[in-house]
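S.K.: show me the folded form of this:
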Amino acid sequence: MRTGRASGTGLPACLDRPGGLSHTFLLISCVVALAGCSSKDSATPKTGAPAAASAKAAVVGLTRSVTIPVRVVADPAAAPADGSVLSISEGGDDEPPEGPSTFDVLPDGGFVVADPLRQRIVFYDAAGKFRFDLLIHFSAERLRVLPNNALSIVRYQSGDRYISEADSAGNYGALRLATDRDPDLDAADAGVTRLESGSQAIVSAQPAPGTEIPPVSVRFEAVGESMVSVRRLGSDARQRTYVAIEAAFPGQRVDVREIVRKYAGNGDPLVEIVDIPLDYLAHPVDEFRIRGGVLYQLMPKSSEVRINIWDTNSRP
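M.R.: The predicted model follows:
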């Protein structure tokens, strides 16, 4: 389930199923109230549709992509010879493919990706080169790197959260159950979101001692489109808030696109990313990460797992 996503009266809440529910399967139930659905298309806006944000928002294009090898297999338990290769199940008529469910960005720019079908966590450098893996003996649904470089890992189905501490050499120890002293960064990033209508939402930070981030009023104005869902992705040191929006053209065929915006502390939209591809083979639970003004997207495909990167720091 995507934490922090909200729907308003008369609009269904689009909630992902843990373990890799695809956008196509997701919208079959979500968009019935909008008028029926057959697929979720790529994120290219329809020709002639006006910009979804005000003129203040600068559009930022894709900066670069990193690719990681993947295999689509009927029996994921049969390990490949190459430890760098991630796994995706074949899926079926009633079961979408499942694969890498979550990821995070390491302090040095590298990546850590959950490989739930093989019950491990895999580490790569900033170019996507394999470093090492960590066997955890269960399927991870969510994964975060904590400020002390420890790993916070949520177990699929049970929802239990575990911590693996890193020593000075970067080696990870045995898992332990998380306590109240271990920060829950997913909850902090998600905050509180209220979708009031197809064109208006309020996004607020989770209350925290000593921190005050003003709520953001998200306005969406595009002819024929409505917001289907809104979720908060987090904020940065300058109190700029990042928000992901799913917008749809209702009708017999529903075209959905995804937009990410960066808002200033005063609520003005600064940056908008509209070229977000949505052709996942297996949809991850954690689709986006924001780190230092850079948006990262985890995209499992049939031939590779791609990490798309948009650097918003070229704009205010």
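S.K.: how about the strands in the stretch 1-150 of the chain?
M.R.: 5-6, 58-59, 64-68, 70-73, 86-89, 103-105, 111-115, 120-124, 130-135, 140-145 (DSSP state E, counting those that start in this stretch).
S.K.: partners of the fifth one, with directions?
M.R.: Put plainly, it is strand 86-89. Applying DSSP bridges to the sheet, strand 86-89 is found paired with strand 70-73 (parallel).
S.K.: which other residues reach the strand it pairs with?
M.R.: For strand 70-73, contacts defined as CB atoms under 8 Å, 6 or more residues apart in numbering pick out 80, 85-90, 97, 99-100, 281, 300-305. (C-beta placed from N, C-alpha, C; glycine too.)
S.K.: before we move on, the earlier item: who wins for proximity to I273 among the strands of the stretch 1-150 of the chain?
M.R.: Set against I273 and scored by CB to CB, the strands of the stretch 1-150 of the chain come closest in strand 58-59, at 7.5 Å.
S.K.: ok, residues contacting stretch 118-135?
M.R.: Applying CB under 8 Å, 6+ apart, the contact partners of stretch 118-135 are 66-68, 76-77, 79, 82-84, 86-87, 106, 108-115, 136-140, 143, 151, 153, 164, 172, 307.
S.K.: out of those, which end up buried?
M.R.: By neighbour count, with 16 or more other CB atoms under 10 Å, those hold 66, 68, 76, 84, 86-87, 106, 110-115, 136, 138-140, 143, 151, 153, 164, 172, 307 as buried.
S.K.: quick one: low-confidence parts of this structure?
M.R.: For the chain, the stretches flagged by pLDDT under 70 are 1-55, 251-254, 316.
S.K.: the helices in it, which residues?
M.R.: 23-30, 185-190 (DSSP state H).
S.K.: S139 versus the nearest residue to P97 once chain neighbours are set aside, what's the distance?
M.R.: With CB to CB, 6 or more residues apart in numbering as the measure, G91 is the residue that lies nearest to P97, at 3.6 Å, once sequence neighbours are left out. For G91, the distance to S139 equals 16 Å [CB to CB, to the nearest Å].
S.K.: what's the answer for P215, then?
M.R.: According to CB to CB, P215 and S139 sit 36 Å apart.
S.K.: identify the residues contacting the nearest residue to A188 once chain neighbours are set aside.
M.R.: Computed as CB to CB, 6+ apart, the closest residue to A188 that is not its neighbour in sequence is Q206, at 5.3 Å. With contact set as CB under 8 Å, 6+ apart, Q206 has these partners: 187-188, 190-192.
S.K.: can you pick the most crowded of those residues?
M.R.: G191 (24 neighbours; other CB atoms under 10 Å).
S.K.: mind listing what's buried in stretch 289-299?
M.R.: Buried residues in stretch 289-299 (16+ other CB under 10 Å): 289-290, 293, 295-299.
S.K.: out of the strands of the stretch 1-150 of the chain, which gets nearest to G224?
M.R.: Minimum separation from G224 across these (CB to CB) falls at strand 58-59, 20.0 Å.
S.K.: check which helices and strands that closest one sits against.
M.R.: Packed against strand 58-59 by the contact rule (3 or more CB pairs under 8 Å, 6 or more residues apart in numbering; DSSP states H and E) you find strand 269-273.
S.K.: in ChimeraX, how would I select the buried members of the contacts of strand 70-73?
M.R.: Buried members of these, identified by 16+ other CB under 10 Å, are gathered into one ChimeraX selection as follows:
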select :85,86,87,88,89,97,99,100,281,300,301,304,305
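S.K.: and of the strands of the stretch 1-150 of the chain, who's closest to G265?
M.R.: Across those, closest to G265 is strand 58-59 (CB to CB), at 16.9 Å.
S.K.: what strands line up against that closest one, and which way round?
M.R.: Partners of strand 58-59 in its sheet, by DSSP bridges: strand 269-273 (parallel).
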